[in-house]
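J.: Sequence below, structure please.
(2 chains)
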2 protein chains.
Amino acid sequence: MRERLARVTLMRLAEPGDPVMGRLTASCGPEAAVEQVRRGALDAGFVHWFGSARHRGAAGSGDGDGAGAGDRLARILAAWAARLETADPAEDLAAGERTGARLVVPGDAEWPTQLDDLGDVRPHALWLHGEANLRFACIRSVAVVGSRAATPYGAHVAAEFGAGLSERGYGVVSGGAYGVDGAAHRGALAGGAPTVAVLACGTDVTYPSAHHDLFAAVRGQGVLVSECPMGVRPTRPRFLVRNRLIAALARGTVVVEAAVRSGALNTAGHATALRRVLAAVPGPVTSDTSAGCHRLIRQGAATCVTTPAEMTELVGVIGDELAPEPRGPVLPRDRLDPETRRVLEAVPARAGAGPATIAVAAGTDLETVLSCLGGLAAAGYVERTSRGWRLRPERPEGG
Amino acid sequence: MRERLARVTLMRLAEPGDPVMGRLTASCGPEAAVEQVRRGALDAGFVHWFGSARHRGAAGSGDGDGAGAGDRLARILAAWAARLETADPAEDLAAGERTGARLVVPGDAEWPTQLDDLGDVRPHALWLHGEANLRFACIRSVAVVGSRAATPYGAHVAAEFGAGLSERGYGVVSGGAYGVDGAAHRGALAGGAPTVAVLACGTDVTYPSAHHDLFAAVRGQGVLVSECPMGVRPTRPRFLVRNRLIAALARGTVVVEAAVRSGALNTAGHATALRRVLAAVPGPVTSDTSAGCHRLIRQGAATCVTTPAEMTELVGVIGDELAPEPRGPVLPRDRLDPETRRVLEAVPARAGAGPATIAVAAGTDLETVLSCLGGLAAAGYVERTSRGWRLRPERPEGG
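T.: Predicted coordinates:
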């Protein structure tokens, strides 16, 4: 609980995606990080890292010598300390719970571990609001992004991708904005799969306000996600840092429509930096709103995709690459850890069973079962049907 | 003259692109090839090649053993001999001249030597009808191809490419058909550069007949090309073998719009086989007429291009690659042969001069000058302006 409070505090001290705070937290843990800010003195090791990191340019632009770095770190620390004075993490937690949101931190069963790939810019915690389990929704997921000022063509294609990915069992991640985002969420809702809207504001803030009904539907069948405390309004920098979460949550990102200066290309850049699949949908060369997509394709940064099936083909391959490396001639099942294997053996072949039933059969607890089922689904062993979890007919062993 | 008559005879004996006749002609020359058909006996060396080539599958499908190959070659020879009886090459030559066409054969100054890349399926000769010099028109040229059933979008883009390539000094090669071809030719005519229509029928046959005025305009500013004698009607196989000429004449091919079963993809395949640049224009993913383009892009067979400038960037690079390999630290001018260097030194820097003036200054004949200027233009040394040939300001030496 003290760690959760510390993480909620960190969400107030630094802007989302602040790599300096991220590094401090990674090096000493969230509680010690808050404590160092409180006493106004950072560990010598961290101060040394900051000085050398600045020489390498790793922590942003600015003065390049050790003394300049020291001054700059002092200013950063002072800003954190000023925010600490007004932070009230207990109230932040209570405010989230009042709205119906839940806090998820690294180590929780619902934490999407793929966010660890973000390194120092991993979020401290996430506020979630909605029926869907974020981790499960994202294990097999695709981010569908694009222009707010989508053309009717872009909105149509985004909805087709949302629905088609959803029907193929993929979660659809997007940013809840006008245009491509909204159409992708709506398509996913129609397709029946959970959809994940990653917001640049608190989960209790409806932005854009015209998406009130859409966000309600996402909460019902998917989940709203934010690294901001309740009540925080979106700003342009927050939209940009939010984009890294969209790219990091999904296996791959598809840009449906984007002008050459679209924010969607920022998300595309994050996907590339994270070595996730990046794809783009072509459009008429006479449409400026497709020019960003064409540039990505022409440069070889993105693969040209025209249908949801072409997209799942791409992320399916990456899914295999993410699976553990085979060590010699072993059956895939042998690569599972003992706990996961026990859960797999408790999953029925055809009828389908709920996680609680499987937990009893496997002799373990519900949280472990949920966690293992997620991994097993991602590896292709099991699938969730309307009547519960069951083995996939075409699972790795084949029989 | 006897070789020309022999080549005109060969145009009657075998279908265009027949690799067996092509090999026979390449091995012993056109006159000896006709003579062997006339006496009904082929050289032993060629018979041996045919037998072994059939074992390798190089000369098409059919029986796989030496005896079967012998039978098959006898049938081929009989078919050639039967056609020889009705061939009247002198009348074919006269008929062509009556329509205003001219015959060009390998070794002529106007012969486009890039056709030699076709090997055994190089045409025996070409009938040309039009004001433009085929070799010059194709030295810097792009083939613009696509669906006959082009959408308004495809026709618009084809016309834009035709005009834009033309304005950048590129000849535009296409097939004279409805849809993309016609729009590309019209765009090129508007842009002022020569355009080359490669037909699957005689140059005196207007197919499609609605292109009567278009073909007249091409003759006025460009050139009609065919490997068929006068009066020959187009057939489906002739369209397909014609496509190899379109791909081989141009430095690169761009597919503007093509369904997945479009004949334009056949041209694209020839471009790839000839290692020419292949590009495709994307379009709406909702349009079946762009699906062939998207497949080429997705497979990596074609580069995605959205503007004429992107296309010339691609073929410009290939142009450099086609230039002679540098051997050590030499100035580009040192790589030219003495005759070409003499012609280059006779080209004025700014004013522009006609080929005859340059021939006098260089102390050589007109045909040599025309041939050398073509190569110098391709290598970027000289350019043709409305007032004649002159040095290019940005030519390799820079000064």
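J.: So for stretch A:226-233, mean pLDDT?
T.: Averaged across stretch A:226-233, the pLDDT comes to 96.
J.: Not counting it itself, show me its contacts.
T.: A:8, A:11-12, A:16, A:92, A:95-96, A:99, A:101, A:123-127, A:198-205, A:207, A:238, A:242, A:245 (Cβ atoms under 8 Å, 6 or more residues apart in numbering or on different chains). Using the backbone N, CA and C atoms, a C-beta is placed for each residue, glycine as well.
J.: Can you flag which of the residues you listed belong to strands?
T.: A:126, A:127, A:198 (DSSP state E).
J.: Give the burial count for residue A:344, as a bare number.
T.: 22 (other Cβ atoms under 10 Å in any protein chain shown).
J.: How far off centre is the strand or helix carrying it?
T.: If you go by DSSP states H and E, residue A:344 is part of helix A:338-345. Here the centre of helix A:338-345 is set off from its chain's centre by 27 Å, with Cα atoms, centre = their mean, to the nearest Å.
J.: Export the ones in strands among the contacts of stretch A:226-233 as JSON lines, with columns for neighbour count, distance to chain B and pLDDT.
T.: Listed next are these as JSON lines, based on neighbours: other Cβ atoms under 10 Å in any protein chain shown; distance: Cβ to the nearest Cβ, whole Å; pLDDT from 0 to 100:
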{"residue": "A:126", "neighbour count": "28", "distance to chain B": "34", "pLDDT": "98"}
{"residue": "A:127", "neighbour count": "27", "distance to chain B": "36", "pLDDT": "98"}
{"residue": "A:198", "neighbour count": "27", "distance to chain B": "25", "pLDDT": "98"}
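J.: quick one: the helices in the stretch 51-200 of chain A?
T.: A:66-86, A:89-99, A:134-139, A:152-167, A:180-191 (DSSP state H, counting those that start in this stretch).
J.: Adding distance to chain B, mean pLDDT and mean neighbour count, write the ones you listed out as a markdown table.
T.: Shown next, in a markdown table, are the helices of the stretch 51-200 of chain A (distance: least, Cβ to the nearest Cβ, whole Å; pLDDT from 0 to 100; neighbours: other Cβ atoms under 10 Å in any protein chain shown):
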| stretch | distance to chain B | mean pLDDT | mean neighbour count |
| --- | --- | --- | --- |
| helix A:66-86 | 43 | 90 | 14 |
| helix A:89-99 | 39 | 97 | 15 |
| helix A:134-139 | 26 | 96 | 25 |
| helix A:152-167 | 6 | 97 | 23 |
| helix A:180-191 | 14 | 97 | 27 |
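J.: which one of those helices lies closest to residue B:75?
T.: helix A:152-167 (53.5 Å; Cβ to Cβ).
J.: For the stretch 151-300 of chain A, which residue gets nearest to chain B?
T.: With Cβ to the nearest Cβ as the measure, residue A:282 is the residue of the stretch 151-300 of chain A nearest to chain B, at 3.2 Å.
J.: Kindly state the pLDDT recorded for that residue?
T.: 98.
J.: sec struct for the nearest residue to it once chain neighbours are set aside, please.
T.: Distances taken as Cβ to Cβ, 6 or more residues apart in numbering or on different chains put residue B:282 closest to residue A:282, at 3.2 Å, once the chain neighbours are dropped. When classified by DSSP: H, G, I helix; E, B strand; the rest coil, residue B:282 comes out as coil.
J.: Let me see the contact set for residue B:282.
T.: Residue B:282 neighbours (Cβ under 8 Å, 6+ apart): A:282-285, A:290, A:294, A:297, A:304, B:290, B:293-294, B:297, B:304, B:306.
J.: swap in residue A:383?
T.: Residue A:383 touches A:169, A:377, A:389, A:390, A:391, A:392, counting by Cβ under 8 Å, 6+ apart.
J.: for the record, mean pLDDT for the helix or strand the third one falls within?
T.: Here residue A:389 is covered by strand A:388-391, with elements defined by DSSP H and E. The predicted model gives strand A:388-391 an average pLDDT of 82.
J.: before we move on, what about stretch A:299-317?
T.: 92.
J.: Please work out how many residues are found near residue A:236.
T.: 8.
J.: and the gap between it and residue A:271?
T.: 20 Å (Cβ to Cβ, to the nearest Å).
J.: of the contacts of residue A:383, closest to residue B:186?
T.: Using Cβ to Cβ, these come closest to residue B:186 at residue A:169, 49.2 Å.
J.: so what's that closest one closest to, chain neighbours aside?
T.: Going by Cβ to Cβ, 6+ apart, residue A:169 has residue A:140 as its nearest residue, at 6.1 Å.
J.: ok, that neighbour touching residue A:376?
T.: No: if you go by Cβ atoms under 8 Å, residue A:140 and residue A:376 don't touch, sitting 11.8 Å apart.
J.: and of the contacts of residue B:282, the nearest to residue B:72?
T.: Nearest member of the contacts of residue B:282 to residue B:72, counting by Cβ to Cβ, is residue B:293, at 39.0 Å.
J.: Per-residue confidence, the closest one, what does it come out as?
T.: 98.
J.: Quick one: residues contacting the closest residue in space to it that isn't next to it in sequence.
T.: Using Cβ to Cβ, 6+ apart and skipping residues adjacent in sequence, the residue nearest residue B:293 is residue B:280, 3.9 Å away. Listed by Cβ under 8 Å, 6+ apart, the contact partners of residue B:280 are B:254-256, B:258, B:268, B:292-294, B:296-297, B:302-305.
J.: JSON lines for those, including distance to residue B:352?
T.: Formatted as JSON lines, these follow (distance: Cβ to Cβ, whole Å):
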{"residue": "B:254", "distance to residue B:352": "31"}
{"residue": "B:255", "distance to residue B:352": "36"}
{"residue": "B:256", "distance to residue B:352": "34"}
{"residue": "B:258", "distance to residue B:352": "40"}
{"residue": "B:268", "distance to residue B:352": "38"}
{"residue": "B:292", "distance to residue B:352": "43"}
{"residue": "B:293", "distance to residue B:352": "40"}
{"residue": "B:294", "distance to residue B:352": "44"}
{"residue": "B:296", "distance to residue B:352": "41"}
{"residue": "B:297", "distance to residue B:352": "41"}
{"residue": "B:302", "distance to residue B:352": "38"}
{"residue": "B:303", "distance to residue B:352": "35"}
{"residue": "B:304", "distance to residue B:352": "38"}
{"residue": "B:305", "distance to residue B:352": "32"}
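J.: Tell me which entries of those residues lie within strands.
T.: Going by DSSP E, the strands hold B:254, B:255, B:303, B:304 from these.
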